[in-house]
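In: Let's see this in three dimensions:
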Amino acid sequence: MDQFTIILLYFTSFFTLMNPIGTMPVFLTMTADLTKKERRATAFKAVITAGFVLILFAFMGRYLFNFFGISVAGLKVVGGFLFFFIGYDMLNARISRIKMTEKEAEAYADDIAITPLGIPMIAGPGAITNAIVLMGEATDYTSKALVIFSIVLVLVVVLLVFMGAVGITRFIGDKGNKIMMKLMGLIVMVIAVEFFFSGLKPYIQSIIN
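Out: Here you go, the predicted structure:
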(Lines give C-alpha, C1' and ligand atoms only; values in the text may rest on other atoms or scores of the structure.)
Protein backbone atom coordinates (compact mmCIF):
# COMPACT_ATOMS: atom_id res chain seq x y z
CA MET A 1 0.00 0.00 0.00
CA ASP A 2 1.15 3.54 -0.72
CA GLN A 3 1.49 6.14 2.07
CA PHE A 4 -1.76 7.95 1.16
CA THR A 5 -3.77 4.73 1.50
CA ILE A 6 -2.11 3.93 4.82
CA ILE A 7 -2.82 7.44 6.19
CA LEU A 8 -6.44 7.15 4.99
CA LEU A 9 -6.86 3.81 6.79
CA TYR A 10 -5.23 5.10 9.98
CA PHE A 11 -7.23 8.35 9.86
CA THR A 12 -10.54 6.53 9.32
CA SER A 13 -9.91 4.14 12.22
CA PHE A 14 -9.00 6.94 14.66
CA PHE A 15 -11.81 9.21 13.43
CA THR A 16 -14.38 6.44 13.99
CA LEU A 17 -13.06 5.64 17.48
CA MET A 18 -12.67 9.27 18.65
CA ASN A 19 -16.04 10.14 17.08
CA PRO A 20 -15.84 13.99 17.13
CA ILE A 21 -19.43 14.36 15.86
CA GLY A 22 -20.76 12.15 18.67
CA THR A 23 -18.59 13.87 21.29
CA MET A 24 -19.65 17.40 20.24
CA PRO A 25 -23.09 17.39 21.97
CA VAL A 26 -21.45 16.26 25.24
CA PHE A 27 -18.93 19.11 24.89
CA LEU A 28 -21.80 21.53 24.22
CA THR A 29 -23.82 20.53 27.26
CA MET A 30 -20.84 20.44 29.63
CA THR A 31 -19.60 23.88 28.58
CA ALA A 32 -23.02 25.55 28.24
CA ASP A 33 -22.42 27.99 31.13
CA LEU A 34 -18.86 28.90 30.20
CA THR A 35 -17.91 31.98 28.20
CA LYS A 36 -16.88 31.70 24.55
CA LYS A 37 -13.22 32.16 25.54
CA GLU A 38 -13.47 29.51 28.30
CA ARG A 39 -15.15 27.01 25.92
CA ARG A 40 -12.42 27.47 23.34
CA ALA A 41 -9.73 27.03 26.01
CA THR A 42 -11.50 23.89 27.27
CA ALA A 43 -11.65 22.45 23.73
CA PHE A 44 -7.94 23.13 23.23
CA LYS A 45 -6.95 21.59 26.59
CA ALA A 46 -9.13 18.52 25.98
CA VAL A 47 -7.52 17.91 22.58
CA ILE A 48 -3.98 18.45 23.97
CA THR A 49 -4.75 16.02 26.84
CA ALA A 50 -6.10 13.39 24.43
CA GLY A 51 -3.12 13.87 22.11
CA PHE A 52 -0.62 13.46 24.94
CA VAL A 53 -2.33 10.28 26.18
CA LEU A 54 -2.65 8.71 22.72
CA ILE A 55 0.97 9.42 21.73
CA LEU A 56 2.21 8.23 25.14
CA PHE A 57 0.30 4.95 24.81
CA ALA A 58 1.34 4.58 21.16
CA PHE A 59 4.99 4.45 22.24
CA MET A 60 4.75 3.13 25.80
CA GLY A 61 1.33 1.46 25.98
CA ARG A 62 2.43 -2.16 25.91
CA TYR A 63 5.10 -1.54 28.57
CA LEU A 64 2.76 0.52 30.80
CA PHE A 65 -0.02 -2.07 30.60
CA ASN A 66 2.40 -4.89 31.41
CA PHE A 67 4.14 -2.96 34.19
CA PHE A 68 0.93 -2.01 36.02
CA GLY A 69 -0.94 -5.16 35.07
CA ILE A 70 -3.64 -3.13 33.32
CA SER A 71 -5.85 -4.55 30.59
CA VAL A 72 -7.98 -2.79 27.98
CA ALA A 73 -10.97 -4.60 29.50
CA GLY A 74 -10.26 -2.96 32.87
CA LEU A 75 -10.03 0.42 31.16
CA LYS A 76 -13.46 -0.16 29.61
CA VAL A 77 -15.02 -1.10 32.96
CA VAL A 78 -13.67 2.06 34.63
CA GLY A 79 -14.73 4.13 31.60
CA GLY A 80 -18.20 2.60 31.87
CA PHE A 81 -18.54 3.65 35.53
CA LEU A 82 -17.29 7.16 34.75
CA PHE A 83 -19.61 7.56 31.75
CA PHE A 84 -22.62 6.31 33.73
CA PHE A 85 -22.28 8.88 36.52
CA ILE A 86 -21.64 11.68 34.00
CA GLY A 87 -24.70 10.60 32.01
CA TYR A 88 -26.82 10.44 35.18
CA ASP A 89 -25.82 13.99 36.12
CA MET A 90 -26.57 15.19 32.59
CA LEU A 91 -29.96 13.47 32.65
CA ASN A 92 -30.79 15.35 35.85
CA ALA A 93 -29.33 18.60 34.44
CA ARG A 94 -26.78 18.74 37.25
CA ILE A 95 -23.82 19.65 35.05
CA SER A 96 -25.26 23.05 34.22
CA ARG A 97 -24.05 25.71 36.66
CA ILE A 98 -26.33 28.67 37.46
CA LYS A 99 -23.64 30.95 38.84
CA MET A 100 -19.90 30.50 38.81
CA THR A 101 -17.17 32.89 39.79
CA GLU A 102 -14.30 33.40 37.37
CA LYS A 103 -12.03 31.13 39.44
CA GLU A 104 -14.72 28.42 39.72
CA ALA A 105 -15.35 28.55 35.97
CA GLU A 106 -11.62 28.24 35.28
CA ALA A 107 -11.24 25.26 37.65
CA TYR A 108 -14.36 23.60 36.19
CA ALA A 109 -13.07 24.10 32.63
CA ASP A 110 -9.70 22.55 33.58
CA ASP A 111 -11.39 19.57 35.25
CA ILE A 112 -13.72 18.66 32.37
CA ALA A 113 -10.99 19.29 29.77
CA ILE A 114 -8.96 16.44 31.27
CA THR A 115 -11.82 14.16 32.38
CA PRO A 116 -14.20 13.29 30.80
CA LEU A 117 -13.56 15.20 27.54
CA GLY A 118 -9.85 14.44 27.05
CA ILE A 119 -10.06 11.02 28.69
CA PRO A 120 -12.11 8.90 28.02
CA MET A 121 -14.39 10.76 25.54
CA ILE A 122 -11.72 11.59 22.92
CA ALA A 123 -8.89 9.29 23.99
CA GLY A 124 -11.06 6.35 24.97
CA PRO A 125 -10.15 2.65 25.31
CA GLY A 126 -10.79 2.06 21.61
CA ALA A 127 -8.54 4.90 20.42
CA ILE A 128 -5.81 3.97 22.95
CA THR A 129 -5.91 0.31 21.88
CA ASN A 130 -5.83 1.33 18.22
CA ALA A 131 -2.75 3.50 18.85
CA ILE A 132 -0.96 0.62 20.63
CA VAL A 133 -1.84 -1.95 17.95
CA LEU A 134 -0.97 0.25 14.95
CA MET A 135 2.32 1.37 16.50
CA GLY A 136 3.14 -2.26 17.31
CA GLU A 137 2.49 -3.25 13.69
CA ALA A 138 4.61 -0.38 12.31
CA THR A 139 7.90 -1.90 11.20
CA ASP A 140 9.87 1.25 10.29
CA TYR A 141 10.16 4.91 11.28
CA THR A 142 8.01 6.03 8.33
CA SER A 143 5.09 3.82 9.42
CA LYS A 144 5.41 5.01 13.02
CA ALA A 145 5.43 8.64 11.84
CA LEU A 146 2.26 7.98 9.82
CA VAL A 147 0.48 6.66 12.94
CA ILE A 148 1.39 9.82 14.88
CA PHE A 149 0.47 12.02 11.91
CA SER A 150 -2.97 10.33 11.71
CA ILE A 151 -3.58 10.89 15.44
CA VAL A 152 -2.67 14.58 15.13
CA LEU A 153 -4.83 14.97 12.00
CA VAL A 154 -7.93 13.55 13.71
CA LEU A 155 -7.30 15.68 16.82
CA VAL A 156 -7.21 18.79 14.59
CA VAL A 157 -10.63 17.76 13.21
CA VAL A 158 -11.92 17.24 16.78
CA LEU A 159 -10.69 20.72 17.73
CA LEU A 160 -12.36 22.32 14.69
CA VAL A 161 -15.65 20.52 15.48
CA PHE A 162 -15.52 21.71 19.12
CA MET A 163 -14.70 25.27 18.04
CA GLY A 164 -17.67 25.22 15.66
CA ALA A 165 -19.88 23.88 18.45
CA VAL A 166 -19.48 27.17 20.34
CA GLY A 167 -21.82 28.96 17.91
CA ILE A 168 -24.44 26.19 18.21
CA THR A 169 -24.75 26.80 21.98
CA ARG A 170 -25.91 30.35 21.45
CA PHE A 171 -28.18 29.35 18.56
CA ILE A 172 -30.21 26.72 20.46
CA GLY A 173 -30.54 28.83 23.65
CA ASP A 174 -31.03 27.76 27.29
CA LYS A 175 -34.03 25.48 26.69
CA GLY A 176 -32.31 23.79 23.78
CA ASN A 177 -29.22 23.24 25.92
CA LYS A 178 -31.29 21.63 28.69
CA ILE A 179 -33.10 19.33 26.25
CA MET A 180 -29.82 18.36 24.60
CA MET A 181 -28.22 17.74 27.99
CA LYS A 182 -30.96 15.33 29.06
CA LEU A 183 -30.97 13.55 25.70
CA MET A 184 -27.20 13.20 25.62
CA GLY A 185 -27.25 12.09 29.28
CA LEU A 186 -29.43 9.15 28.27
CA ILE A 187 -27.15 8.31 25.33
CA VAL A 188 -24.00 8.58 27.48
CA MET A 189 -25.57 6.18 30.03
CA VAL A 190 -26.27 3.67 27.23
CA ILE A 191 -22.65 4.03 26.03
CA ALA A 192 -21.56 3.45 29.65
CA VAL A 193 -23.48 0.17 29.84
CA GLU A 194 -21.95 -0.98 26.53
CA PHE A 195 -18.46 -0.03 27.76
CA PHE A 196 -18.95 -1.76 31.11
CA PHE A 197 -20.23 -5.08 29.76
CA SER A 198 -17.76 -5.24 26.85
CA GLY A 199 -15.02 -4.76 29.48
CA LEU A 200 -16.60 -7.27 31.84
CA LYS A 201 -16.97 -9.99 29.18
CA PRO A 202 -13.28 -11.12 29.17
CA TYR A 203 -13.33 -11.41 32.98
CA ILE A 204 -16.46 -13.58 32.90
CA GLN A 205 -15.01 -15.77 30.13
CA SER A 206 -11.78 -16.12 32.16
CA ILE A 207 -13.75 -17.22 35.26
CA ILE A 208 -15.79 -19.75 33.24
CA ASN A 209 -12.68 -21.19 31.59
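In: Quick check: residue 11 vs residue 109, distance?
Out: 29 Å (C-beta to C-beta, to the nearest Å). Using the backbone N, CA and C atoms, a C-beta is placed for each residue, glycine as well.
In: quick one: which of the two has more around it?
Out: Set residue 11 next to residue 109 and count neighbours by other C-beta atoms under 10 Å: residue 109 wins out with 24 against 17.
In: element containing that one, please.
Out: Assigned by DSSP states H and E, residue 109 belongs to helix 102-112.
In: is it true that residue 132 touches residue 55?
Out: No - Residue 132 lies out of contact with residue 55 (C-beta atoms under 8 Å); the separation is 11.3 Å.
In: Residue 198 is in contact with residue 76, isn't it?
Out: Yes - contact criterion C-beta under 8 Å: residue 198 and residue 76 qualify, at 5.6 Å.
In: between those two, who's got more neighbours?
Out: residue 76 (24 against 17).
In: Please give the element, helix or strand, for that one.
Out: In the assignment (DSSP H and E), residue 76 maps to helix 72-91.
In: residues in contact with that helix?
Out: 26, 29-30, 65, 95, 115-116, 120, 124-125, 128-129, 181-182, 184-203 (C-beta atoms under 8 Å, 6 or more residues apart in numbering).
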